[in-house]
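Asker: Structure of the sequence below:
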Amino acid sequence: MPTAAPSALTRPDGTPVRALVVDDEPSLGELIQMALRYEGWQVETATDGATALNKARTFQPDVIVLDIMMPGLDGLEVLKRLRAAGDDVAVLFLTAKDAVQDRVVGLTAGGDDYVTKPFSLEEVVARLRSLLRRTGRGVSGYTDPVLRVGDLTLDEESYEVTRAGTPIELTAKEFELLRYLMRNPRRVVSKLQILDRVWSYDFEGRSSIVEIYISYLRKKIEADGPPMIHTVRGVGYLIKPAT
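Answerer: Predicted structure coming up:
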């Protein structure tokens, strides 16, 4: 995975964003940590509530990715103690897919947003970037949420995609795939990188799913224009302005 991320988000003072990832599944925490470090952020992890509270005090993160269901101190109790201590850090909850009540309680308790498991890393990154901008804890060199490659545009906030001004309807997964490609223009990304960032962290499918969705995207964004998504045989894919 590349060591530097495009259009890095930073604190208002220009220092790297600080994120604390809390989940009792170490492998999941490490995956999210890897994705956020790719953004250029400083990242700490914790696998239990008590450690999370200690790191929140010492590390002073700008945002916390917080699993609700943990043994001992769960995510809701961690948030309750943070707020009681006057800590207004932005919090993105991780919730079970069918735990609607957890989501309601989490937001009522002072959480700022949530994603449901299983999720894609690209979705988590996008939610965190939006959350940091919204709370003023993160700024970038530009305030425009629109990604542009040639005559292709993608709005990360309104989820609108156009080519040469013509709207393009994409599914949620097609949108995430295109966003990942457009955040890495002229850069070859492998099937494994795409699977890691765009598909759910517990996705056990084969890399052929990437080929299928690349095909879907090509049909939609190249229907009335020259090719933009290119295959680098044996390596991966890249997107660049049409020539």
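Asker: how about the top strand by length along the chain: buried residues?
Answerer: Ordering each strand of the chain by length in residues (DSSP state E) puts strand 90-96 first. If you call a residue buried by 16 or more other CB atoms under 10 Å, then strand 90-96 has these buried ones: A90, V91, L92, F93, L94, T95. From N, CA and C alone the C-beta is placed, and that goes for glycine too.
Asker: could you redo the residues you listed as a markdown table and give each row distance to L181 and pLDDT?
Answerer: As requested, those are arranged in a markdown table below (distance: CB to CB, whole Å; pLDDT from 0 to 100):
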| residue | distance to L181 | pLDDT |
| --- | --- | --- |
| A90 | 28 | 92 |
| V91 | 30 | 93 |
| L92 | 24 | 94 |
| F93 | 28 | 91 |
| L94 | 26 | 88 |
| T95 | 28 | 83 |
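Asker: Just name the closest of the residues you listed to E30, please.
Answerer: Each of the buried residues of strand 90-96 was scored against E30 by CB to CB, and L94 proved nearest at 14.3 Å.
Asker: Give the full set of residues in contact with the closest one.
Answerer: Residues counted as contacts of L94 (CB atoms under 8 Å, 6 or more residues apart in numbering) are D23, V65, L66, D67, I68, G75, Y114, V115, T116, K117, F119.
Asker: what helix or strand is L154 on?
Answerer: L154 is part of strand 152-155, with elements assigned from DSSP states H and E.
Asker: Name the residues of that strand that are buried.
Answerer: Here strand 152-155 shows L152, T153, L154 as buried, counting by 16+ other CB under 10 Å.
Asker: what sits against the second one?
Answerer: Spelled out, it's T153. Counting by CB under 8 Å, 6+ apart, the residues that T153 touches are V146, L147, E160, V161, T162, R163.
Asker: Next, check those residues against the strands and list the overlap.
Answerer: The subset of the contacts of T153 located in strands under the criterion DSSP E comprises V146, L147, V161, T162, R163.
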